[in-house]
Every structure is written in structure tokens, then in C-alpha cells.
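Student: requesting a structural model of the entry that follows:
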Amino acid sequence: MGTKPILASAILLSALSVQAAAQQNDWAQFRRYAESNAQVQGTPAAVFMGDSITDAWDDNDLGFFTENGFLCRGISGQTTSEMLVRFRQDVIDLHPKYVVILAGTNDIAMNNGYIATDNILGNLISMCELARANKIKPVLCSVTPASGFGWRPEVKDAVSRIEKLNTMIKAYADSENIPYVDYYSALKDDEGGLPAVYSKDGVHPNMDCYKVMENIVLEYL
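Tutor: So this is what the prediction gives:
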């Protein structure tokens, strides 16, 4: 066998190995809720879609979900791009009355690299359009306050980017008559961060914070 066939075979094997690894990686984490989704019976009142802030919500206050017929579909670390990819499986196929979308923190924290604020909003708009096309009422939430991210110390403009994104989310929600849940104004301190009374790390809510958020969001459901 000549050098060229050997090289071509090596390249093909390498490509197949990369493809197999990517399939095993489950980068959007479709498997996370696959079993739970299969067990859902009836029509959920609402699905809460989000990142770790949503993911930890039912861990802190499971009763809020079980007593109201809500489902938690948050995944820690996820960006809006990953949520959009799994939106069909974790929201549409469950046929809820509402979907409560709280997302954008990890985009601003650059968990998957830089993403422009316009593109973050674009992902949120796509989720809303998918929901409406499937007769699900979207509810858009403001990004919760944070003055920085402990896992991304290089991000120095968290407050300004969060405020900019929230302004854009509200403008879009108002233009489309979509409810806008303003957690940010209720939770932020004078510097635009999440105060210690509501969080240990300045990003993730504690039980007291979730209680405030529950009182706010229930008005829209």
C-alpha cells in the first residue's frame, strides 16, 4: 500500500474517532431529562427552562414545583444555545401550558466562549417562537443580578452586559405581548450584584432568594 492510501485511511479513522467521541459526549445533555420526560403524565402547568439557577430551584424548594404542577428543566452550566437545541425534547414534547425561560447568565460568563448580546437574544426569541408555534405560552425572565462570576474572573463587565441584555429582553417581550418577569430589579444591590443575603457566591440563589422569585413569577402563571 502506498503512502497516500495509508494517509487517507489514517485521516478517515481519526475523523470517525472524533465523531464517535462527540456522540458519546452528549454536549447538549439530552440524556439528563430523557427518563423523567418519558414518565410525565398529563399536561404540566409550566416547564421552567434554564441553567444552574433553575436547576437548583427544585433542589431547594421541590414543593414549589410539585404543588403547582411545574417541571424543572434547568441544566447547570448551559448557555442559551444548548437550551435551544434541547427545547423540543424538554419543553415542546411535554406540552405544558407555559414555559418560563430564565437564561443568559452563562452566555455572559462565556461558558462556551464569547457570544454577542444580539445572539443571546436571538436564541431566546427562537425559543419563544418555537413555544408559540406549539401553542405554549412563553414567559421571559430577566437575567438575575451578578457582579461577576467566580469561575470566570476574566469577565469584568458582567453588570453592564446583564443590564443591556435585560433591557433587550424586556423590549422584545413588550413588543410581542410576552410576560416579562423582572427578577433583576427585585434582587440587585446598589452595585447591580446579588447581595449576600440572597447568595453565597453572588450568582446562585439561596432559599430566601428563591422564595422572592416564586412570589414574583407566580403572578404570571
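Student: who are the neighbours in contact with the nearest residue to residue 184 once chain neighbours are set aside?
Tutor: Using CB to CB, 6 or more residues apart in numbering and skipping residues adjacent in sequence, the residue nearest residue 184 is residue 142, 4.1 Å away. Every C-beta, even on glycine, is put in place using the N, C-alpha and C of the backbone. Taking CB atoms under 8 Å, 6 or more residues apart in numbering, we find residue 142 in contact with 166, 169-170, 180-185.
Student: what's the first-to-last distance across stretch 199-210?
Tutor: 10 Å (CA to CA, to the nearest Å).
Student: residues of it that come out buried?
Tutor: 199, 202-206, 209-210 (16 or more other CB atoms under 10 Å).
Student: can you tell me which of these is nearest residue 147?
Tutor: residue 202 (6.1 Å; CB to CB).
Student: my guess is the closest one contacts residue 144, does it?
Tutor: No - between residue 202 and residue 144 there is no contact under CB atoms under 8 Å: 10.4 Å.
Student: include secondary structure when you put the buried residues of stretch 199-210 into a markdown table, please.
Tutor: Converted to a markdown table, the buried residues of stretch 199-210 look like this (DSSP: H, G, I helix; E, B strand; the rest coil):
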| residue | secondary structure |
| --- | --- |
| 199 | strand |
| 202 | coil |
| 203 | coil |
| 204 | coil |
| 205 | strand |
| 206 | coil |
| 209 | helix |
| 210 | helix |
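Student: okay, among those residues, which ones form the most distant pair?
Tutor: 202 and 210 (15.6 Å).
Student: quick one: the strands in this structure?
Tutor: 46-50, 70-74, 98-102, 137-141, 180-181 (DSSP state E).
Student: from residue 104, how far off is the one residue sitting closest to the centre of the chain?
Tutor: Note on the chain: the residue nearest the mean C-alpha position is residue 50, at 2.7 Å, using CA atoms, centre = their mean. Using CB to CB, to the nearest Å, residue 50 is found at 9 Å from residue 104.
Student: check residue 170 too.
Tutor: 13 Å.
Student: neighbour count: these two, which is higher?
Tutor: Neighbours were counted for residue 170 and for residue 104 using other CB atoms under 10 Å; residue 104 has more, 29 against 16.
Student: who's in contact with the closest residue to that one other than its chain neighbours?
Tutor: Nearest in space to residue 104, with sequence neighbours left out and distances taken as CB to CB, 6+ apart, is residue 143 at 4.4 Å. By CB under 8 Å, 6+ apart, residue 143 lies in contact with 102-105, 108, 162, 165-166, 169, 184.
Student: show me which of those is closest to residue 65.
Tutor: Looking across the contacts of residue 143 and measuring by CB to CB, the closest to residue 65 is residue 102, at 14.0 Å.
Student: buried residues in stretch 109-127?
Tutor: Buried, per 16+ other CB under 10 Å, within stretch 109-127: 109, 111, 115, 117, 120-125, 127.
Student: which residues of this protein score low on pLDDT?
Tutor: 1-24 (pLDDT under 70).
Student: hang on, residue 181 packs against residue 141?
Tutor: Yes - counting by CB under 8 Å, residue 141 is a contact partner of residue 181 at 4.3 Å.
Student: okay, these two: which has more neighbours?
Tutor: Set residue 181 next to residue 141 and count neighbours by other CB under 10 Å: residue 141 wins out with 29 against 22.
Student: cool, thanks, signing off.
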